[in-house]
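1. give me a model of this one.
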Amino acid sequence: MSNVKLVKNDAFYNAEFDIDIFLYWMIKWLNVETTNNSSKMALKNMAKKFIEEILEEKLDTEDIEIHFSNKNYYSENGSFIDRILGDCPILLILNRNQNGNRKYIYFRDFSYYEYSKDFNEYNGKLIKLLKKYENLKENEENNVKIVHFSSDLISRYEKEEVEEISILYDKEKFLTLFENSKKYIDDSIFDSYYNQIKQENKKNFGVNINENLSLYLVLESYINKKFEDYDVYRCFDYIKWLKHEFFIECFCVNLIVEDKKTNNYFLLKWFNDNKIEEKTIKLIQKELKDIFPNFKEVNYEDIDCENNEIPLMCFTVNLDSSLKDIKKMVDKITEKIEKFNKMKNCRDIREEYVEYFEEKRLKKRFQAIEKLGKSFKF
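-> Numbers count the residues shown, from 1 in each chain. Next up is the predicted model:
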């Protein structure tokens, strides 16, 4: 590695060098002649290792096509390649003329919002296009790979969600690839990009990714699909889903403020606009305890009975719980609370809660404006 000192006329000095451009540059080394040049050979080996990790097998072909998008010229009526590159910046095709041994790798910029909404639809669209234009057979569908990439650090929950059915490369994974290759490479473009994301990583060192928000994003998508008739409300520090009077909220609380460590809790709540007496609350808690033995009753002294959302029972989520484990908890708790609501013959609160929630939000906004106004008074 040359460790060149960046100067102002350097192509990547103090600028956002988009990762899709670097990715295209790196993959192109697969088709470069590297005889008698150790640095070029190292770049080619890095690109080869990258593709082998994706394929989970050795890359032993020279039949490689690499296509890069130019979205300014994208057209629905264009060629197969044009149509594909309208949705992904890079397409890699291996052994295109060998039926049964063809492989297609699509590289897409990662956004969880887009991923959660259209991955299955997008995957189906790719397969349909390949069948139409490339005569893809059913036994070749596993040879189609979608790789999501990002120059940012991605939370563990989003990684786990994506990697169940797809492939994800974030900053951490790219840095590992670069670290394993850098000592053999002497190239200013590689050095510039490596130094850029390494510096960005140092700036971000110690800054906690908002794992909780990430978890709630994933759960929002999951609950909307799994429990379609529930209304879901999500914020930075909680997610709640409800249909009847007794509902569930998942929220986070700081454990150690200095370390920004948080813990998540499942909370069973009761939506009720009447003032509830202590004996009624304790009776409900007793009934819930029989159904949720691992939950702890919320102390009556900690309950604001004037609040329409009354917290009843709480369960601490293990910090090391995987997304899969948390989804299982969501399923189990939701099924149990639904049975409890039926047993109590509870009313549907969805429309009522919308009005309550909007009123509550407006009240908070007015309070914030009023507080801001007071701060400007002399």
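2. contacts, neighbours, all on C-alpha from now
-> OK.
3. tell me the contacts of residue 210?
-> residue 155 (Cα atoms under 8 Å, 6 or more residues apart in numbering).
4. now it: how far from residue 109?
-> Distance, residue 210 to residue 109, using Cα to Cα, to the nearest Å: 20 Å.
5. do residue 84 as well
-> From residue 84 across to residue 109, the span is 14 Å (Cα to Cα).
6. and these two? Which one has more around it.
-> residue 84 (23 against 20; other Cα atoms under 10 Å).
7. so for the more buried one, what's the nearest residue that isn't a sequence neighbour?
-> residue 126 (7.5 Å; Cα to Cα, 6 or more residues apart in numbering).
8. what's the burial count for the one you found?
-> Residue 126, neighbours per other Cα under 10 Å, totals 19.
9. so what's residue 272 up against?
-> Residue 272 touches 245, 308, 309, 310, counting by Cα under 8 Å, 6+ apart.
10. do residue 360 as well
-> The contact partners of residue 360, by Cα under 8 Å, 6+ apart, come to none.
11. now do the SS call for it.
-> Counting by DSSP: H, G, I helix; E, B strand; the rest coil, the backbone at residue 360 sits in helix.
12. residue 148 - that's part of a strand, no?
-> Yes: remark: residue 148 belongs to a strand, assigned using three-state DSSP.
13. so in terms of bridging, what pairs with it?
-> Residue 148 has the following beta-bridge partners by DSSP bridges: residue 108, residue 168.
14. before we move on, back to that, so what touches the helix or strand harbouring the residue nearest to residue 84?
-> Applying DSSP states H and E as the criterion places residue 126 in helix 112-133. Here helix 112-133 makes contact (Cα under 8 Å, 6+ apart) with 80, 84, 136, 137, 141, 144, 146, 158, 218, 221.
15. which parts of the stretch 151-300 of the chain are helices?
-> Ranges of helices within the stretch 151-300 of the chain are 156-163, 171-179, 188-204, 211-226, 278-291, based on DSSP state H, counting those that start in this stretch.
16. of all those, which lies closest to residue 348?
-> For those, the distance to residue 348 is smallest for helix 211-226, at 17.5 Å, taking Cα to Cα.
17. quick one, that closest one and helix 112-133 angle?
-> 50 degrees (axes from the mean of the first three to the mean of the last three Cα atoms, to 10 degrees).
18. residues in contact with helix 211-226?
-> In this structure, residues lying in contact with helix 211-226 by Cα under 8 Å, 6+ apart are 116-117, 155-158, 161, 230-232, 234-239, 241, 252, 264, 323, 327.
19. circling back: where among the helices of the stretch 151-300 of the chain is the average confidence lowest?
-> For the helices of the stretch 151-300 of the chain, mean pLDDT drops lowest on helix 188-204, to a mean of 76.
20. many thanks, I have nothing further to ask.
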